[in-house]
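# The following comprises the amino acid sequence and a computationally predicted model.
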Amino acid sequence: MANIESPPVIVESIVIDAPIAAVFRALTDPDELVQWWGSDDGYRCVRMSCDLRPGGAWKTTGTRGDGKPFTVFGTYTAVEPPRLVEFRSGGSCQGLAGGTRVGTRLRWTPTARPITQTRAPLRRHGREGSGSPP
């Protein structure tokens, strides 16, 4: 039997002191996302377009810390406002031929709003995916 190695998975959880609907909007509304996505010394997102529905495409463009442009794109795989947005992504700054699968689940609690985000490389038929834009 062949030993099939699982791709690495990163699970992050953060707490944001804001209403869950506002956090969902900040992650999915192009006008809001470009106001905060990135950092001055790393990269800065300057434009986002999206069709927020399962199967819908999204794309962000911006400038890396070295001044070079970047593009990240993907397809939404699940959208359940205001609790869940999942997508597949790839692009010029990803460094992975197959891109990444990302799931962001928002959960409300009485004292905080933790966000859990899971990232895993895409695999297709036992090999890395194409990484080409939608």
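On my side now, so go ahead.

# Past the strand or helix carrying residue 75, which element shows up next along the chain?
Using DSSP states H and E, residue 75 sits within strand 69-80. Downstream of strand 69-80, the first helix or strand assigned by DSSP H and E is strand 84-91.

# Report the secondary structure state of residue 23.
Judged by DSSP: H, G, I helix; E, B strand; the rest coil, the three-state class of residue 23 is helix.

# What are the boundaries of the helices in this protein?
For the chain, helices defined by DSSP state H occupy the ranges 20-28, 30-36.

# Of those helices, which shows the lowest average pLDDT?
Ranked by mean pLDDT, the helices of the chain end with helix 20-28 at the bottom, a mean of 89.

# quick check: angle from that helix to strand 84-91?
10 degrees (axes from the mean of the first three to the mean of the last three CA atoms, to 10 degrees).

# With mean neighbour count and distance to residue 63 added, can I get the helices of the chain in TSV?
In short, each C-beta sits where N, CA and C put it, glycine included. Below are the helices of the chain laid out as TSV (neighbours: other CB atoms under 10 Å; distance: least, CB to CB, whole Å):
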stretch	mean neighbour count	distance to residue 63
helix 20-28	17	20
helix 30-36	13	12
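
# Relative to residue 80, how far out is residue 70?
Plainly put, residue 70 is 29 Å away from residue 80 if you go by CB to CB, to the nearest Å.

# again, but for residue 19
Separation of residue 19 from residue 80 (CB to CB) stands at 17 Å.

# Report the residue spans of this structure with pLDDT below the cut-off.
1-7, 91-100, 106-134 (pLDDT under 70).

# how about 50 then?
For the chain, applying pLDDT under 50 flags the ranges 94, 96, 123-134.

# now for the strand holding residue 75, which elements pack on it?
With contacts defined as 3 or more CB pairs under 8 Å, 6 or more residues apart in numbering; DSSP states H and E, strand 69-80 has these neighbours: strand 57-64, strand 84-91, strand 100-106.

# Next, count neighbours for residue 43.
By other CB atoms under 10 Å, the residues close to residue 43 number 20.

# Next, the contact list for it, please.
By CB atoms under 8 Å, 6 or more residues apart in numbering, the contact list for residue 43 reads 62-65, 70, 93.

# rerun at 10 Å
Residue 43 is in contact with 37, 60, 62-66, 68-70, 72, 93, counting by CB atoms under 10 Å, 6 or more residues apart in numbering.
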